[in-house]
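Engineer: here is a sequence with its predicted model. Questions after.
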Amino acid sequence: MFKPKTILIVDDEPRTRQGLKNMLEAWGGGRFEVKTADNGRDAITILENEPVHLLITDIRMPEITGLNLVKQLESASLTYKPAVILISGYAEFDYAHQGIQLGVVEYLLKPIRKDKLIEAVEQALEAGEHRNRISRIQRIVDSKLIQATDDMEPVSEPVREALQYVEAHLNEGFGLREVADHVHLNPSYFSVLFKEQMQMTFIEYLTRVRIQKAKELLLQTRLSVAEIAERVGYQTTKYFNKVFKEYEGHSPGLYRSEVRNQNPEV
């Protein structure tokens, strides 16, 4: 039976809250269940009792602000960590930057245009799925042989060593063969083993980790795109741009500027 994904809108302004709900329900066509809360406490109750795939929250609210709500999510034991979009009536780049550090996907200024809202929601839902998948993989590494979701078998020692190698050598231009050699396996056998246990190919995993690290560097540093490409293991900036655009839909430079466009001096 089809179960729609849940979007939770948190805003103490009734007009904004209902307006966003109406836009998303009209666009979603039944694909999403759109819920609302007018304060952070009610939002936390909803988040703790059912899976929420996307949280859209105002920054400025009484008692629990949007940023505090996001911080509480990081320490909460949730079955699904929602992607987050921050909204505000003010160009508060400092708040937006804090949100980025907390993993917020997008920051939108009121009044919010429908096309901007839909674009942000689509990106956030995709990012949320990716984040939860990467988090699941990281939990496997951290707790060693843990039983993962989707009936995945416990990860074997060679695969666990491969994940640790990727993390430690991300800035180097290695591929499957180098990692297979490191774990003392035939490359073909290692490729099959990795895909079987991680539910993605080794190259897909490596690319996703590199892109995720690149996004962090783009938003948290002033390094050039060429420097970031080198730091995440790409030998040419041209190829890095190509891969980044395939995964994110736009170039690294545009990704950075869209987030920082509220403060040109940054």
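Structural biologist: It's in.
Engineer: now find how far off-centre stretch 58-78 is within its chain.
Structural biologist: Offset of stretch 58-78 from its chain centre (Cα atoms, centre = their mean, to the nearest Å): 17 Å.
Engineer: can you give me the buried ones in it?
Structural biologist: By neighbour count on 16 or more other Cβ atoms under 10 Å, the buried set for stretch 58-78 is 58, 59, 60, 61, 64, 65, 66, 67, 69, 70, 73. C-beta: built from backbone N, CA, C; applies to glycine.
Engineer: kindly provide the whole-number mean pLDDT of that stretch.
Structural biologist: The predicted model gives stretch 58-78 an average pLDDT of 82.
Engineer: ditto for stretch 157-169
Structural biologist: 91.
Engineer: do stretch 234-245 as well
Structural biologist: Averaging pLDDT along stretch 234-245 gives 91.
Engineer: can I get the buried residues of stretch 58-78 in a markdown table with distance to residue 238 and secondary structure?
Structural biologist: Formatted as a markdown table, the buried residues of stretch 58-78 follow (distance: Cβ to Cβ, whole Å; DSSP: H, G, I helix; E, B strand; the rest coil):
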| residue | distance to residue 238 | secondary structure |
| --- | --- | --- |
| 58 | 41 | strand |
| 59 | 38 | coil |
| 60 | 42 | coil |
| 61 | 45 | coil |
| 64 | 46 | coil |
| 65 | 42 | coil |
| 66 | 39 | helix |
| 67 | 38 | helix |
| 69 | 41 | helix |
| 70 | 36 | helix |
| 73 | 38 | helix |
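Engineer: farthest-apart pair in those residues, please.
Structural biologist: Pairwise distances across these (Cβ to Cβ) peak at 17.9 Å, for the pair 60 and 73.
Engineer: specify which member of the buried residues of stretch 58-78 is nearest to residue 231.
Structural biologist: Using Cβ to Cβ, the buried residues of stretch 58-78 come closest to residue 231 at residue 70, 26.9 Å.
Engineer: wouldn't the closest one be in contact with residue 84 here?
Structural biologist: Yes - Residue 70 lies in contact with residue 84 (Cβ atoms under 8 Å); the separation is 5.5 Å.
Engineer: for the stretch 51-200 of the chain, what spans make up the strands?
Structural biologist: Assigned by DSSP state E, counting those that start in this stretch, the stretch 51-200 of the chain shows strands spanning 54-58, 83-88, 106-109.
Engineer: what are the pairing partners of the last one, and which direction each?
Structural biologist: Which is strand 106-109. strand 83-88 (parallel) (DSSP bridges).
Engineer: who's in contact with the partner strand?
Structural biologist: Strand 83-88 is contacted by residues 11, 16, 53-60, 66-67, 70, 73, 95-96, 99, 102-110, 112, 120-121, 124-125, 127-128, 131 when judged by Cβ atoms under 8 Å, 6 or more residues apart in numbering.
Engineer: can you redo the strands of the stretch 51-200 of the chain as TSV with distance to residue 226?
Structural biologist: Listed next are the strands of the stretch 51-200 of the chain as TSV, based on distance: least, Cβ to Cβ, whole Å:
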stretch	distance to residue 226
strand 54-58	34
strand 83-88	29
strand 106-109	26
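Engineer: out of the ones you listed, which is the most enclosed?
Structural biologist: Neighbour counts (mean count of other Cβ atoms under 10 Å) averaged over each of these peak at strand 54-58, with a mean of 26.
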